[in-house]
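Engineer: got a predicted structure plus its sequence, pasted below:
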Amino acid sequence: MSAEPVAAELVERRVILPDQRIDAFHAPAIAVSARAGQVLQVLLADDEGLVVRRAFAINTVDPSTGVISVHVAGPARADALARLRVGDRAPLAGPFGRPFEVDPRTTHILLIAEGAAIGRLRLLADEALREGRQVTVLLGAQSARDVYPSTLLPDEVEYVVATVDGSLGHPGSVADLVPQYEAWADQAFAAGSPALLGKLAALSASRLTRMGVAKLGRRRGAAKVDPPGSPSARRKSFLQVVVELDVACAAATCLGCVVDGHAGLLRACREGPVFAATELSLETVA
Amino acid sequence: MGGSGEALAAPVPSVPLDLSVDLGSGLFLRNPILVASGALGYGIEAEDDLAPERIGALVTRGTTLRGRTGNPAPRMARTPAGLLNAIGLHNPGLAAVLERFAEQWARWPLPVILNLAADNVGEFAEMARRLEGVLGIAGVELNLSCPNANRGGTLFALEADSAAAVTTAVRRATALPLLVKLSPAAPDPRAVARAVADSGADAISAVNTLPGLVLAADRSRPALGAAYGGLSGPALRPIALRVVHEIATSVRIPVVAMGGVTTLSDVLDFLAVGAQAVAVGTAAIGDPGLPARLADELEDECQARGLSSHLSLIGTAQGHRPGNPSARGAEYRP
């Protein structure tokens, strides 16, 4: 069912914001195949011996050293992982889930995130830059003190911030920034609350009309329909979203991680956590 | 120094070990460790980790007559020492389950007990009827923590007469071994247990989850899409232990205990309060190999104690039998 866990050493811990940190593990077996959008699971028992598989977005990967990092958000008291010290080992399993798919023709990538959800997109910036693409990150936060540090992003990334209280960058929602970049971007990738994803899906659906792009004639290959959930369907989608996976069996047995899809319920651990925005009924939760 | 001590230690004599359990109506388990309903779906998905040849039985996900899409997301939240879940009986329906899985279950080296859920007595009985003669189904477990549509939505498991009515109807509909799963929220679990025992149940499963609530991080709403969920895991264990203790002293049919089992010590606790068998639920979600390991550990424990079976471990803590139900009163009503 699931990948065999490996005992991985915690090699670095960086607190980046209140209740947010980056934990880096030496886990070559996972690092070698990890891709942006996927998760790994930490199989630590709580004080009562209960192992709850917790999934974390893969934040960065260095296949040359075998180091893989995860972005951990939330109060440390609720987190068995927080009790680990650098040098300790923890059972990790993964990578799990379907990754982001970037169209080979894409040259400009827009990453849109809200708060700590930036951790679910961070690796995609590295992958895109390595393949010679230009990357802009739009980040929304409550206030300046919640903004993801720019030093954690590669220098080549354009980084634009919106804060709800107006203390830094654009005052308001990160979704307000998106129309300025729609013409520039070939594809967009988003992580955040259901409300944000719903807004972005609506923007994406009306994008061509708002941009005044007419559909003339028939595009080559337009008649071919990619099966929902397939890598090609995601690759051809302008907007891909990654949903949060927290508690899950990662084996599609517990049905604890479902999301609403147009064709019925989808299991984030099996059919996701990355979806083409058009696969999900996001407007119903927006 | 240590070597001479080891050489002098007498080896523990090996005795033939019999861990088998008779749950009634011909349902024999090779050992008293089961997988509880909901933990590993229909088992097929987790077969590699499950080790079906080493555990007593698998109880499936709750299954309804017609398919259900379940509750809105999120469906699961962590709690101190447990989980809160509101899956909402998400399942493809009885016919689809039998078509997809029964043939494979028939080839498995362990009994599969199908957990049934419905919102009226007729539907419970109809499902039971459809299982007659189906290969691969070793027994049924009735999930009585469902709202009774004919009694204003009160859970079947909270009232002795409702629980008895379902049990009687299903007993008439099938000769399959019949387990009835009770709720820890019942004001008097002993009365419900006696009612289902008198109505033809072969065994009682105790306990189901207990309703609870977890809030979202910003406290603006419940964390779960369905608002309330069922609490499971070690947080539930003392309550489960109390209910099993009460039930096991009240009925003569076997009790299969569950509620926060994560270690051999928990298994021994439930046997001590009178359970004949013990099921692993929440802990198996994160660790599907745990039930098989616990079965091995129980075997080792019995051998280390020089026992020929686990029977002498059952009921050792029943010396003090409460005279009155411990959970009587409005404070236990949901």
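Structural biologist: Perfect, I can see it now.

Engineer: mind listing the helices for the chain?
Structural biologist: With no chain named, the answer covers chain A. In chain A, the helices defined using DSSP state H lie at A:28-31, A:122-130, A:178-181, A:194-205, A:207-211, A:231-235.

Engineer: that's the wrong chain, I meant chain B
Structural biologist: B:2-8, B:47-50, B:94-97, B:103-107, B:121-130, B:160-173, B:189-198, B:237-248, B:264-272, B:282-286, B:290-304.

Engineer: out of those helices, flag the one nearest chain A.
Structural biologist: helix B:282-286 (3.9 Å; Cβ to the nearest Cβ). All C-beta atoms are positioned from the backbone trio N, CA, C, and that covers glycine.

Engineer: and the contacts of the closest one?
Structural biologist: Residues from elsewhere that reach helix B:282-286, judged by Cβ atoms under 8 Å, 6 or more residues apart in numbering or on different chains: A:43, A:49-53, A:249, A:253-254, B:35-36, B:39-40, B:82-83, B:232-233, B:260-262, B:290-291.

Engineer: can you check stretch A:205-214 too?
Structural biologist: A:179, A:182-183, A:215, A:238, A:277-278.

Engineer: what's the closest of those to chain B?
Structural biologist: For the contacts of stretch A:205-214, the nearest to chain B is residue A:277 (16.5 Å; Cβ to the nearest Cβ).

Engineer: give the contact list for the closest one.
Structural biologist: Applying Cβ under 8 Å, 6+ apart to residue A:277 gives the contacts A:190, A:197, A:200-201, A:204-205, A:237-241.

Engineer: show me what from the stretch 1-150 of chain A comes close to chain B.
Structural biologist: A:1-2, A:43, A:45-54, A:74, A:78 (Cβ under 8 Å from any Cβ of the partner chain).

Engineer: quick one: name the residues of the stretch 151-286 of chain A near chain B.
Structural biologist: A:246-249, A:251-260, A:264-265.

Engineer: any low-confidence regions in the chain?
Structural biologist: All of this refers to chain A. Low-confidence segments of chain A, defined by pLDDT under 70, span residues A:1-3, A:76-78, A:213-225, A:228, A:247-248, A:283-286.

Engineer: let's do chain B instead
Structural biologist: Ranges of chain B meeting pLDDT under 70: B:1-15, B:148-149, B:151-153, B:320-334.

Engineer: hmm, 50 instead?
Structural biologist: Within chain B, the set of residues satisfying pLDDT under 50 comprises B:1-6, B:327-334.

Engineer: who in it is up against chain A?
Structural biologist: B:38-41, B:45-49, B:61, B:69-70, B:72-78, B:81-83, B:85, B:87, B:90, B:217, B:233-235, B:260, B:262-263, B:282-283, B:285-288, B:290.

Engineer: which single residue of the stretch 51-200 of chain A ends up nearest chain B?
Structural biologist: Closest point on the stretch 51-200 of chain A to chain B, by Cβ to the nearest Cβ, is residue A:51, at 3.9 Å.

Engineer: quick one: that residue and residue A:43 touch, right?
Structural biologist: Yes: with contact defined as Cβ atoms under 8 Å, residue A:51 counts as touching residue A:43 (5.4 Å).

Engineer: the more surrounded of those two?
Structural biologist: Between residue A:51 and residue A:43, residue A:51 has the larger neighbour count (other Cβ atoms under 10 Å in any protein chain shown), namely 20 against 17.

Engineer: what sits against the more buried one?
Structural biologist: Taking Cβ under 8 Å, 6+ apart, one finds A:43-45, B:262, B:283, B:286-287, B:290 in contact with residue A:51.

Engineer: quick check: bridge partners of the nearest residue in space to residue A:258 that is not next to it in sequence?
Structural biologist: Sequence neighbours aside, residue A:265 is the residue nearest to residue A:258 in space, at 4.4 Å (criterion: Cβ to Cβ, 6 or more residues apart in numbering or on different chains). Per DSSP bridges, the residues bridged to residue A:265 are residue A:260.

Engineer: from memory residue A:265 sits against residue B:70, does it?
Structural biologist: Yes: when contacts are counted by Cβ under 8 Å, residue A:265 is listed as touching residue B:70 (7.1 Å).

Engineer: neighbours of residue A:143, just the number please.
Structural biologist: For residue A:143, using other Cβ under 10 Å, the count is 12.

Engineer: next one: residue B:119
Structural biologist: Other residues close to residue B:119 by other Cβ under 10 Å number 17.
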